[in-house]
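**Student:** How does the following fold in three dimensions:
(one chain, ligands or ions: 1)
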Amino acid sequence: MRAVAAAFVGWLVLAADPGAQDAAPTTRTFTVVATDGRFEPERLDVSRNDLVRITLQSTGAPVSFAIDAYRLMKRAGAGEAVTFAFRADQTGRFPYYCSLSSNSDCRTMRGTLVVADR
Ligand SMILES: [Cu+2]
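**Tutor:** A predicted model of the protein is given here:
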C-alpha cells in the first residue's frame, strides 16, 4: 500500500512538470586546494547550467575564492575547508582569485572557470 502511494506521488510530480527529468542539473564537484600561493587546480571546466559544488581547502593561511561575474566570494579559515555551490548560468571564461590581502601569496592565487555552452 505504501509503495502504491509513493508511486502515485511520483506520478503526480512528473505530471506537474514533464520536463523535470531533462532539466535536472548535472552536479560537478571539485576540491580546490590553496597552497603556496596557488590554487590547485588552476582551471575548472563545466557546462552551462551545471551545479558547481566546490570545496575550498586551505592548507595554511586563510583563503578566499572569488568570481566577480558570479558575485561569489567564499572564505576558508586557516587550515579549514568550506563547501559551497552555484549554478553556472553564464558561459565564458571567468577568473577566480583570492580576494584577501593578508599576505603577498594572495596576489598569485589565480585560476579560470570555463563554462562551455551545451
Ligand atoms: Cu589569499
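**Student:** C-alpha only now, for contacts and for neighbours.
**Tutor:** Will do.
**Student:** what about A69, how many residues close to it?
**Tutor:** Using other CA atoms under 10 Å, A69 has 11 other residues around it.
**Student:** Using the three-state scheme, assign it.
**Tutor:** Per DSSP: H, G, I helix; E, B strand; the rest coil, the local secondary structure of A69 is helix.
**Student:** Look up how far L44 lies from the closest residue to it other than its chain neighbours.
**Tutor:** Nearest-residue entry for A69: F94, 7.1 Å, with adjacent residues in sequence omitted and distances by CA to CA, 6 or more residues apart in numbering. Going from F94 to L44 by CA to CA, to the nearest Å gives 10 Å.
**Student:** was I right about A69 contacting R93?
**Tutor:** No. Under the criterion of CA atoms under 8 Å, A69 is not in contact with R93, lying 9.9 Å apart.
**Student:** tell me, what's touching F94 and L44 both at once?
**Tutor:** 112-114 (CA atoms under 8 Å, 6 or more residues apart in numbering).
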